[in-house]
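Colleague: Sequence first, predicted model second:
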Amino acid sequence: MTNEREDTHLTSVGYILWIFGFTGSHRFYFGKPISGTIWFLTFGLFLVGWIVDFFLMPSLEQQAELRFRAGKIDYTVAWILLTFLGAFGVHRMYLGKWITGILYLFTGGFFLIGVLYDFWTLNDQVTLVNSEGSM
């Protein structure tokens, strides 16, 4: 029996998102919605937090690995779909949430309020789906 865990979040993706980190995107990706929102509202904590995060990235990735569960749904794919196609509900369809995915498609992601909600909760949504699949 091995003690290895599957990757849920990738440090490389975190660094790519860090480029836009003053928006908090890398913090949302690693499951830190409160600090992600603070980074978004304060332009990366006045750019100081953004610079510090460059050095904290491996730690953020480790924390995400311990907190979230790998499975059939890939976190990175879900985040890419949310980031670029969130208003169309493609990320929800990927999670198997077809009804809300179609509603997002016709309402612009519930007028973008649903998209904001998903930025806060996507990691937990993926973990829940991945946990259900292994029972």
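Modeller: Here it is on my side, so go on.

Colleague: Give me the residue at the spatial middle of the chain.
Modeller: Y29 (3.4 Å; Cα atoms, centre = their mean).

Colleague: Could you pull out the helices in the protein for me?
Modeller: Secondary structure of the chain (DSSP state H): helices located at 11-18, 25-29, 33-41, 43-46, 48-67, 75-85, 90-94, 98-111, 113-133.

Colleague: what's the most buried one of those helices?
Modeller: Ranked by mean neighbour count, these are led by helix 25-29 with a mean of 26 (mean count of other Cβ atoms under 10 Å). Every residue, glycine included, has its C-beta placed from N, CA and C.

Colleague: Identify all contacting residues around it.
Modeller: 9, 13-15, 17-18, 20-21, 33, 35-36, 39, 53, 57, 60, 64, 75, 79, 83, 119-120, 122 (Cβ atoms under 8 Å, 6 or more residues apart in numbering).

Colleague: now that helix: mean pLDDT?
Modeller: For helix 25-29, the mean pLDDT works out to 95.

Colleague: Stretch 66-86 too?
Modeller: Mean predicted lDDT for stretch 66-86 stands at 95.

Colleague: can you tell me the distance between the two ends of it?
Modeller: 26 Å (Cα to Cα, to the nearest Å).

Colleague: what sits up against that stretch?
Modeller: Here stretch 66-86 has contacts from 5-10, 13, 25, 29, 31, 90-91, 94-95, 104, 109, 115, 118-119, 122-123, 125-127, 129-131, 133-134, using Cβ under 8 Å, 6+ apart.

Colleague: do that again at 7 Å, thanks
Modeller: 5-10, 13, 29, 31, 90-91, 94-95, 109, 115, 118-119, 122-123, 126-127, 129-131, 133-134 (Cβ atoms under 7 Å, 6 or more residues apart in numbering).

Colleague: do the same with stretch 91-100
Modeller: Against stretch 91-100 from outside (Cβ under 7 Å, 6+ apart): 73, 77-78, 81-82, 85, 89, 101, 104, 118, 125-126, 129.

Colleague: now do 10 Å
Modeller: 72-74, 77-86, 89, 101-105, 107, 109-110, 114-115, 118, 122, 125-126, 128-130, 132-133 (Cβ atoms under 10 Å, 6 or more residues apart in numbering).
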